[in-house]
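>>> Below is the structure, and that's it, no one-letter string:
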């Protein structure tokens, strides 16, 4: 789906020479400051080489590679289920998001349609992951400017989300919860799950949001420090292919959940005419740090709305797809009780058997908290992907860092960096 | 396909009014929030989220208050024993095959018992390499390897953290009461 806006003449900016902030006078007296890789304000392990003119940033050169772990290469060595343990370490602010995206891509490769129950559960957890990620970013917006208190209020509901992850999967940080064609396991107890989620979205989150908004939104120091800082215009946001809240804060009204819907965001997801979940896309026009913060706040509220629509409508039935049982491990009952189940179980684990993947290429996408997140899989028919390419939101959004920071004060770098919400594990993968 | 206008929420910030740009009223409102949290979280107040960890442990709490769900919690492994106290494992090598971290090492030998062909002569799990994904438990066809509710394992050396068969069977004896097979 092509964007209607094309780069126009004169809009292409040479990042090395163009001054980004009007009225910036360069005295020519430069000194170099290394910001990171080990600095608490960089959030993660990344390094910025800042050429400073007094306290103003004349040039900011981001260096990446300090957290390189070979995630993509590992995708060629682990099978379609095993690799989920690796992808959840990419955007570790919302690991469940990566799990869901990876298996959306694999299911697109295999041509599997997952069950309605699985779709609803994945959508709920997808939105919880989004809340989890945005809460950290929104809370850290104050922290980056020296206001620690709001940060702690944001972490209280995050802890509850971790408890939900722990309950459904057994591990709080890296759930590794999805499997090809289904989930690792059904909910241990549906009523408890519903109570926990409702408790979170009706009691904990509204209180935390009220506190954070009350502390920051109309606080003059916060507004002065963020308004007009790190501005990127609509055209430039499109030219630099930003996505997610960074693009929407600049007025690009695009959201993959609306544009190319999947899971419960598309109409007729259960095959019986259920409508897509309703939500609004938060858009601002100024494109500065404050707008990115406000867009994320609004997205948390929209995510709460989506979960409210789905939490009481979880359909009954299996979570795993049985129509194509070539990819789903059979139930333990069948493994012990029937020879077919046992053979199927062994074949899916033994690396030279099972896994009849089509020789094809597939791209699976998901509107991640930071923007479009996707996996491109090239399969040669073997048990593992021949090549896995990640489309990380952070890596693409991080390109504009140099432009955003140019001409601003040293202290604003931290605010801008926090508003893009860079996760270094996604940069280096 | 553009998103229809009625599905777009504009969140542009409105300019600060005179009272807000006077700075002090908003600051005192903010102090109000902080103070409310301060007084309600005093000691173990209603908004306090602190868990007094060594005295208060997650396994003793109900699930909805942050406790752990014993049926699927992914803690340290154990090797289950059968009714006669023998190791259940039949050394089928499913768990080292599925393990994404490659942390399970099994050496199989002919079983000294009549009801099975193989048993693990050596069974080692490197708990430092393990990522606790639980796939070994999913893959095991005889319910021999399971993850328990124990999460606070310590060791003074790397070698100590490579759990062998005896240690894993010992964990079974320790945790069988908390988490039945």
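Received the coordinates, thanks. The structure presented is a predicted model; accordingly, all values stated were derived computationally and were not measured.
>>> list the buried ones in whichever strand or helix holds residue A:57?
Assigned by DSSP states H and E, residue A:57 belongs to strand A:56-63. Residues of strand A:56-63 classed as buried: A:56, A:57, A:58, A:59, A:60, A:62 (neighbour count, 16 or more other CB atoms under 10 Å in any protein chain shown). The C-beta positions use only the backbone N, C-alpha and C, and glycine is treated the same way.
>>> cool, stretch B:54-73 as well?
B:58, B:63, B:66, B:67, B:68, B:69, B:70, B:72, B:73.
>>> So for residue 41, what's the pLDDT?
Going with chain A. Per-residue confidence (pLDDT) for residue A:41: 73.
>>> try chain B instead
Value for residue B:41, per-residue pLDDT: 81.
>>> and the nearest residue to it once chain neighbours are set aside, what does it touch?
Distances taken as CB to CB, 6 or more residues apart in numbering or on different chains put residue B:48 closest to residue B:41, at 4.1 Å, once the chain neighbours are dropped. Residues near residue B:48 by CB atoms under 8 Å, 6 or more residues apart in numbering or on different chains: B:40, B:41, B:42.
>>> how near is the last one to chain A?
It stands for residue B:42. As judged by CB to the nearest CB, to the nearest Å, residue B:42 and chain A stand 15 Å apart.
>>> Confirm that that residue sits in a helix.
No - using DSSP: H, G, I helix; E, B strand; the rest coil, the assignment for residue B:42 is coil, not a helix.
>>> Any idea how many residues pack against it?
11 (other CB atoms under 10 Å in any protein chain shown).
>>> cool, and the second one?
With neighbours defined by other CB under 10 Å, the count for residue B:41 comes to 15.
>>> that older thread, which of the contacts of residue B:48 sits closest to residue A:239?
residue B:41 (47.6 Å; CB to CB).
>>> hang on, that closest one packs against residue B:34?
No - counting by CB atoms under 8 Å, residue B:34 is not a contact partner of residue B:41; they are 10.7 Å apart.
>>> got JSON lines for the buried residues of strand A:56-63, with distance to chain B and pLDDT too?
Below are the buried residues of strand A:56-63 laid out as JSON lines (distance: CB to the nearest CB, whole Å; pLDDT from 0 to 100):
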{"residue": "A:56", "distance to chain B": "25", "pLDDT": "82"}
{"residue": "A:57", "distance to chain B": "24", "pLDDT": "82"}
{"residue": "A:58", "distance to chain B": "29", "pLDDT": "80"}
{"residue": "A:59", "distance to chain B": "30", "pLDDT": "81"}
{"residue": "A:60", "distance to chain B": "26", "pLDDT": "84"}
{"residue": "A:62", "distance to chain B": "28", "pLDDT": "85"}
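>>> Which secondary structure elements does the lengthiest helix in chain A sit against?
If you go by DSSP state H, chain A has its longest helix at helix A:116-143. Counting contacts by 3 or more CB pairs under 8 Å, 6 or more residues apart in numbering or on different chains; DSSP states H and E, helix A:116-143 packs against helix A:95-110, helix A:149-169, strand A:182-183, helix A:205-216, helix A:220-226, helix A:289-311, strand A:361-368, helix A:410-420.
>>> could you dump the ones you listed to a markdown table with mean neighbour count?
Shown next, in a markdown table, are the helices and strands packed on helix A:116-143 (neighbours: other CB atoms under 10 Å in any protein chain shown):
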| stretch | mean neighbour count |
| --- | --- |
| helix A:95-110 | 26 |
| helix A:149-169 | 21 |
| strand A:182-183 | 24 |
| helix A:205-216 | 20 |
| helix A:220-226 | 20 |
| helix A:289-311 | 23 |
| strand A:361-368 | 22 |
| helix A:410-420 | 23 |
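>>> any idea which residue of chain A is furthest from its center?
Among the C-alpha atoms of chain A, the one most distant from their mean position (CA atoms, centre = their mean) is that of residue A:339, at 41.6 Å.
>>> if you go through chain B in chain order, where are the strands?
Ranges of strands in chain B, per DSSP state E, are B:8-10, B:77-79, B:104-110, B:118-126, B:145-147, B:162-163.
>>> which helices and strands sit right next to the helix or strand bottoming out on mean pLDDT in chain A?
Every helix and strand of chain A was ranked by mean pLDDT, DSSP states H and E. The lowest is helix A:332-337, at a mean of 76. On a contact count with 3+ CB pairs under 8 Å, 6+ apart, helix A:332-337 meets helix A:339-349.
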